[in-house]
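Peer 1: Curious how this folds, go ahead:
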Amino acid sequence: MWALLILASIAAVSGTFHGEKVFRVVPQTAEHVELIKSMASLDVLDFWLPDSPSLVEQGKGADFRVKGHVAYDVQALIDQSGMQYEILIDELQEALDKQLDSNIRAVHSYEKYNDLDTINAWSANIAAQNPALVSRSQMGTSYEGRPMYLLKIGKSGLNKKAIFMDCGFHAREWISPAFCQWFVNEAINSYGTDSQFTSLLNNLDFYVLPVLNVDGYAYTWTSGGKNRMWRKTRSVNKNSSCIGTDPNRNFNAGWCSVGASSRACDETYCGSTAESERETKALADFIRKNISSIKGYLTIHSYGQMLLFPYSYTYKLADDHNELYSLAEKAVSQLSSLYGTKYTYGPGGKTIYLAAGGSDDWAYDAGVKYSFTLELRDNGRYGFALPESQIRPTCQETMLALKHIATHIMNNAK
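Peer 2: Numbers count the residues shown, from 1 in each chain. Modelled structure (predicted):
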C-alpha cells in the first residue's frame, strides 16, 4: 500500500518516453490482477494489450507501458508480488528512434511511415495517375475539420460487389495505414499481370480508407514525437478535460456494454452516444448507403497477429460462424506460408476478450456477412514501435490473406 502511495506521489513527473518501459505480465492470482488494476488507477500505466485494465484476467498476458519516473518502482512492485513478467522494451524512446530505420526518406515511400499530409498527397496522385482503376472522394470531415479521403479501386462495371477496408482507427498503430497504402499500390501494379488480382479488380470494387482517425494520426506526428502513443480521436468531451473517444468502441454494436468505458479519460471511452464521432458516423453512413453492394468489411489494426470475426461484444456465435471460421483458417494458412508468421483466429470475444462497439461487429449486424479485423505484427517485441524494416514483410504476408478472403467473397457473396 505504501509503495502505491509513493507511486501516486511521483506519477505526474513524466513528460517524454525517455526511461519508459513496456512490461508483459502474466497475473496468476486475484491479488496479481488487483495489483495491476491498482497501479492502473494511478495513471502510470498505458495498456497496449489488452486495451484496458478492466480486461486483465488471471492466466492471460498483459502488455503495458510504464511512465519513466516510476518504471523501476512498478518493476519492484511486480517483483515483490511474485508475478511472472518480462520487459519487452527496456527504453521506449530508443525503440521509437530506431523505428524509423528505413534508408528511404523520400517524400512518400511504401517502406516507411508517412504522415497524414503525405498520405493525402499520395492518394490524390495515385488516383490522378490511374484514372481507369482508381478514383478518390471525400467520405467525411473529422472533428478538427480534416478531410477523410476514400479511394475506390476496380475496373468500371455495373452491379459490382464491393469490399470496404479501413486503416488507422487507433492513431498509434502506424503499421495499419502503411498497409492500406501498400494494398492500393499492389492492386494497381498487379492488374493485367497477376491473374488473381486482375480477376478481383474486374469483378469487385475495393473501397479503401487509408486513415479513419485522421486527427489522432496527425497528432501522433506532432511535438517532436511526444504524442506518438496517442490512441483516440481528438474530439472535446463535454464536462471533461480529457480529449477523445475510442473509435472502435463507438459503434452501435452492444455499445458501451462490455470492454468499453463510460469515463472520458479512459483509452476505451465509448463516447457520449454510439456514432458520436464524426469519423465513425461517416464510415457507418457510407456503409449504410452502399449496403446493397458491400459484401466484405476489413478493418486493419495492430498488434497481436490475429484474424478476428464477430462477435466481440458477446460470446454468442455469429449465424455464419462456420463459414467465417473456415475462411479465417485458410486465410491465416496463406499468410503463414510466406514467412511462417503465426496468427491466431476466431470470434473476437472468445479469442481475446469481450469488447463492445467495434466496427466489425456493427458491419456484420448491418448485413455485411464477411466482416473481419486483422491485428498485424507483431506479438509485442516492438508493439506499436514496429520498425519500418518490417513494413514490407508484414504487408507481403497480409496481402496473401486479403487476396484469399477477397477471392472467397467474389465467388460466394450473394
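
Peer 1: Looks like residue 180 contacts residue 168 (just checking).
Peer 2: Yes. Between residue 180 and residue 168 there is a contact under CB atoms under 8 Å: 7.4 Å. In this view, the C-beta of every residue, glycine as well, is placed from N, C-alpha and C.

Peer 1: and for the two, which residues touch both?
Peer 2: 209-211 (CB atoms under 8 Å, 6 or more residues apart in numbering).

Peer 1: Looking at the residues you listed, which one is closest to residue 221?
Peer 2: Among those, residue 211 lies closest to residue 221 (CB to CB), at 11.5 Å.

Peer 1: can I see the domain layout of the protein?
Peer 2: Per the record, the chain has its domains at 2-99, 116-412, by automatic domain parsing.

Peer 1: any idea which of those scores lowest on pLDDT?
Peer 2: With a mean of 87, domain 2-99 has the lowest mean pLDDT of the domains of the chain.

Peer 1: Distance from it to the middle of the chain?
Peer 2: Domain 2-99 sits 21 Å away from the centroid of its parent chain (CA atoms, centre = their mean, to the nearest Å).

Peer 1: likewise stretch 100-107?
Peer 2: When distances are taken as CA atoms, centre = their mean, stretch 100-107 is centred 23 Å away from the chain's centroid.

Peer 1: Buried residues, it. List them.
Peer 2: residue 102 (16 or more other CB atoms under 10 Å).

Peer 1: tell me what the longest helix anywhere in the chain is packed against?
Peer 2: The residue-count maximum for a helix in the chain (DSSP state H) belongs to helix 391-412. When contacts are defined as 3 or more CB pairs under 8 Å, 6 or more residues apart in numbering; DSSP states H and E, helix 391-412 sits against strand 161-167, helix 175-190, helix 195-203, strand 204-209, strand 294-302, helix 321-339, strand 370-376.

Peer 1: relative to helix 321-339, how tilted is that helix?
Peer 2: Angle of helix 391-412 versus helix 321-339, following axes from the mean of the first three to the mean of the last three CA atoms, to 10 degrees, is 140 degrees.

Peer 1: Select, out of the domains of the chain, the one closest to residue 105.
Peer 2: Per CB to CB, nearest to residue 105 of the domains of the chain: domain 116-412, 10.3 Å.

Peer 1: gap between the two ends of the closest one?
Peer 2: Using CA to CA, to the nearest Å, one end of domain 116-412 lies 36 Å from the other.

Peer 1: Residue 137: what's it in contact with?
Peer 2: 149-150, 152.

Peer 1: Run the angle between the host helix or strand of it and strand 161-167 for me.
Peer 2: Assigned by DSSP states H and E, residue 137 falls within strand 134-141. Relative orientation of strand 134-141 versus strand 161-167 (the same axes, to 10 degrees): 60 degrees.

Peer 1: Convert strand 134-141 to CSV, retaining C-alpha atoms only.
Peer 2: Extracted in CSV, the C-alpha atoms of strand 134-141 (Å, rounded to 0.1, in the frame of the first residue of the first chain):
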residue,chain,number,x,y,z
VAL,A,134,-8.7,4.5,-59.1
SER,A,135,-11.0,7.3,-58.0
ARG,A,136,-10.8,9.5,-54.9
SER,A,137,-13.7,11.1,-53.0
GLN,A,138,-14.1,12.7,-49.6
MET,A,139,-16.1,10.4,-47.3
GLY,A,140,-16.4,12.8,-44.5
THR,A,141,-14.8,15.5,-42.3
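
Peer 1: In that strand, which residues are buried?
Peer 2: Quick answer for strand 134-141 (16+ other CB under 10 Å): 134-136, 139-140.

Peer 1: wait, doesn't residue 343 sit right on residue 334?
Peer 2: No. Counting by CB under 8 Å, residue 343 does not reach residue 334; the two are 10.2 Å apart.

Peer 1: neighbour-wise, which of these two wins?
Peer 2: residue 343 (23 against 17; other CB atoms under 10 Å).

Peer 1: The residue sitting nearest the centre point of the chain bridge partners, please.
Peer 2: The residue lying closest to the centre of the chain (CA atoms, centre = their mean) is residue 301, at 2.3 Å. Residue 301 forms beta bridges with residue 375, as assigned by DSSP bridges.

Peer 1: Check the spacing between it and residue 202 real quick.
Peer 2: Relative to residue 202, residue 301 is positioned 29 Å away (CB to CB, to the nearest Å).

Peer 1: cool, and residue 183?
Peer 2: For residue 183 relative to residue 202 (CB to CB), the value is 17 Å.

Peer 1: Equivalent analysis for residue 311, please.
Peer 2: Taking CB to CB, one finds residue 311 at 33 Å from residue 202.

Peer 1: same check, this time on residue 243
Peer 2: On the measure of CB to CB, residue 243 and residue 202 end up 45 Å apart.
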